[in-house]
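1. Have a look at this prediction, sequence included:
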Amino acid sequence: MQLKVQPIDIKVGKYKVILNTIDAKEIGVNEGDRVRIRDHETLTAIVDFTEDMISPGMIGLYHEVKEALNKEWTETVEIFPAEKPKSTYIIRKTMDGQKLSKEEIDILVKDIVEENLAEIEIAAFLTATYINDMTDDETEWLTRAMIDSGDTLDFETHPIMDKHSIGGVPGNKISLLIVPIVAANGLLIPKTSSRAITGAGGTADLMEILAPVEFDAAEIKRMTEEVGGVLVWGGATNIAPADDKLIKVEYPLSIDPHCQMLASIMAKKGAIGADHVVMDIPTGPGTKIKNVQEGRKLARDLINLGDRLGMDVDCALTYGASPVGRTIGPALEVIEALKVLESFEGPNSLIEKSASLAGMLLEMGNVAGKDQGYDLAIETLKNGKALAKFKEIIKIQGGNPDVTHKDISVGEFTEDIIAPNNGYILEMDNKRLVQIARLAGAPNDKGAGLLLHKKHGEPLKEGETMMTIYAEKKSKLENAVKSAKERTPFIVEGMMLERIQSFKEI
Ligand SMILES: O=P(O)(O)OC[C@H]1O[C@H](OP(=O)(O)O)[C@H](O)[C@@H]1O
Ligand SMILES: O=c1cc[nH]c(=O)[nH]1
């Protein structure tokens, strides 16, 4: 069918077109089907429908298709129904619990990278692997396919160190301390991070407050060689490019399937050529890993996958039942991390955890003797070398190296959440804390988040502030406060949890 072009200058990240419902029926396609557009080039695009935005006889070309075809308003294109990509059948196999071959995984990753799959198809794949985990072989093939589909770094100097957290514990700003500690001790650490996946602020969301985080592979290599380390967003590079496309679909689902998490993390490590990696596995109720047994199993899986890929991986099972430090959300977390770097002032949970993991890397990289890494990490924080290195990292990434914690602005709208009675905090619900922070606007509103005045095990008096909610918009603050009051993230000794009423006649 010949249709006239109506350019729509909106980027949707995929080849997509919109048809009028009448034309779509005539061509014989449904929403989500593909059409082939024949022109000087031939390309396949996903179809959306509309009754009124596009008139019959027209075809709306979103930015990406318009760029590829370079057609102007009312020029014509010829379109035909097209087959779904082979990957959709491969996803179906995963949904049926069948195993995939290496070749099938390669095809799937290629289609993800080339934007040939609709979000709903990627969501189906992720949900299927969440239910039916992949085998070790499949996970290795997935990881290798993710590495091979993008750029890789090849450093002349070794060892290359790296650190990654599986996430799942709120407030986990430790990479902002670990990277400068390791780099300040002469090791190379080109750290790529994701944005938030299940949380309210990923390391890339935090670092972005201090400096740009979007760089290509060559720039990452150059900056690392110059100052020893970087903290950049993996999604902006062409390093393991499938990763961010999968994470974007995971985020609204708040899921991180085991095999996908292994591949996502290890592909990023493999692509930058890491020799030694420390993995942070936050463990405990309300995290991705419920108990130590599960944590040990994941650690073995990560070590085993590292072995298959030629990487030396050590894992740290870390306490995750309550947040790291006292802040959740990008700006608040950056302030807390900067305070530790500037004056060694801050919560034990943040300092201990950062120094422990940095210490492991210092030992693995042979700049600290056995069991000496932790002390060297603490020393590097105390003597200001970590702060000096962090300033170099901020500067080389294009940020202001003179920034201090006082320069970071937080949301102007705040409200305190008050203790309902005297007692001790028996539990903190990580997932609720993240939900509330997200309602307040984190991670996209950088100034939104939570400041925890009280934590697990601490005594409380009725009327004391347990936490302050920060937001950049009043409506978001109100929403977050309402949610926090309806279902509290704190369990205080002796408090009534919930009132459940009998059915009453109206
Ligand atoms: O949102 P959730 O799932 O909690 O965690 C995701 C975070 O965990 C990892 O942190 P890092 O890069 O090792 O600092 C990821 O890169 C990301 O920043
Ligand atoms: O980078 C990360 C971290 C946790 N989970 C993932 O899938 N990727």
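-> Here it is on my side, so go on. This structure is a prediction, so every number in the text was calculated from the model and none was measured. Ligands and ions are numbered 1, 2, ... in the order given.
2. ok, and what's touching the helix or strand bottoming out on mean pLDDT in the chain?
-> For the chain, counting by mean pLDDT, DSSP states H and E, strand 42-50 ranks last in confidence among helices and strands (a mean of 86). With contact meaning C-beta atoms under 8 Å, 6 or more residues apart in numbering, strand 42-50 is reached by 14-21, 24, 29-37, 60, 65, 68-69, 82, 85, 116, 118. Any C-beta I mention is one placed from the backbone N, CA and C, and that applies to glycine too.
3. roughly how far apart are the residue of the stretch 201-350 of the chain found nearest ligand 2 and M146?
-> Nearest residue of the stretch 201-350 of the chain to ligand 2, counting by C-beta to the nearest ligand atom: S264, 3.4 Å away. S264 is 8 Å from M146, where distance means C-beta to C-beta, to the nearest Å.
4. ok so, going back, any idea how far R34 is from the residue of the stretch 201-350 of the chain closest to ligand 2?
-> Relative to R34, S264 is positioned 27 Å away (C-beta to C-beta).
5. more neighbours, these two?
-> Remark: of S264 and R34, S264 carries more neighbours, 26 against 22, as counted by other C-beta atoms under 10 Å.
6. tell me the contacts of the more buried one?
-> By C-beta under 8 Å, 6+ apart, the contact list for S264 reads M146, S194, A240, D243, L246, I247.
7. So which of those residues is the closest to ligand 1?
-> For the contacts of S264, the nearest to ligand 1 is S194 (3.7 Å; C-beta to the nearest ligand atom).
8. correct me, but that closest one touches I247?
-> Yes: using C-beta atoms under 8 Å, S194 is in contact with I247, at 5.5 Å.
9. which neighbours do these two share?
-> G235, S264.
10. quick one: which of the two has more around it?
-> When S194 and I247 are compared for neighbours, S194 comes out ahead with 25 against 20, by other C-beta under 10 Å.
11. and that one, what are its phi and psi?
-> The phi and psi values for S194, taken as degrees, to the nearest 10, are phi -90, psi 170.
12. show me what contacts it?
-> S194 neighbours (C-beta under 8 Å, 6+ apart): G167, G202, T203, A204, W233, G234, G235, D243, D244, I247, S264.
13. Could you dump those residues into JSON lines with pLDDT, distance to Q501 and secondary structure added?
-> Putting the contacts of S194 into JSON lines (pLDDT from 0 to 100; distance: C-beta to C-beta, whole Å; DSSP: H, G, I helix; E, B strand; the rest coil) gives the following:
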{"residue": "G167", "pLDDT": "95", "distance to Q501": "38", "secondary structure": "coil"}
{"residue": "G202", "pLDDT": "97", "distance to Q501": "40", "secondary structure": "coil"}
{"residue": "T203", "pLDDT": "97", "distance to Q501": "44", "secondary structure": "helix"}
{"residue": "A204", "pLDDT": "97", "distance to Q501": "45", "secondary structure": "helix"}
{"residue": "W233", "pLDDT": "94", "distance to Q501": "48", "secondary structure": "strand"}
{"residue": "G234", "pLDDT": "90", "distance to Q501": "49", "secondary structure": "helix"}
{"residue": "G235", "pLDDT": "85", "distance to Q501": "47", "secondary structure": "helix"}
{"residue": "D243", "pLDDT": "91", "distance to Q501": "47", "secondary structure": "helix"}
{"residue": "D244", "pLDDT": "87", "distance to Q501": "46", "secondary structure": "helix"}
{"residue": "I247", "pLDDT": "91", "distance to Q501": "41", "secondary structure": "helix"}
{"residue": "S264", "pLDDT": "93", "distance to Q501": "45", "secondary structure": "helix"}
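14. ok, and of these, which contact ligand 1?
-> The subset of those within reach of ligand 1, by C-beta under 6 Å from any ligand atom, is G167, G202, T203, A204.
15. closest to L357 among the residues you listed?
-> T203 (13.1 Å; C-beta to C-beta).
16. still on that earlier bit, filter the contacts of S194 to the buried ones?
-> With burial judged by 16 or more other C-beta atoms under 10 Å, the buried subset of the contacts of S194 is G167, G202, T203, A204, W233, G234, G235, D243, D244, I247, S264.
17. pretty sure the first one contacts A200?
-> No: using C-beta under 8 Å as the test, G167 is too far from A200 to be in contact (10.9 Å).
18. and the residue of the stretch 251-400 of the chain found nearest ligand 1, what does it touch?
-> Ligand 1 sits closest to D256 of the stretch 251-400 of the chain, with a gap of 5.8 Å, by C-beta to the nearest ligand atom. For D256, the contacting residues are I166, G167, G168, I197, T198, E250, K288, by C-beta under 8 Å, 6+ apart.
19. which ones are touching the closest residue to the third one other than its chain neighbours?
-> Put plainly, it is G168. Nearest non-adjacent residue to G168, counting by C-beta to C-beta, 6 or more residues apart in numbering: K288, 3.6 Å away. Shown in contact with K288 (C-beta under 8 Å, 6+ apart): I166, G167, G168, T198, D256, M261, P282.
20. which of these tops the neighbour count?
-> Highest count within the contacts of K288 by other C-beta under 10 Å belongs to I166, 28 neighbours.
21. Might one say that it is in contact with P257?
-> No: using C-beta under 8 Å, I166 makes no contact with P257, being 11.9 Å away.
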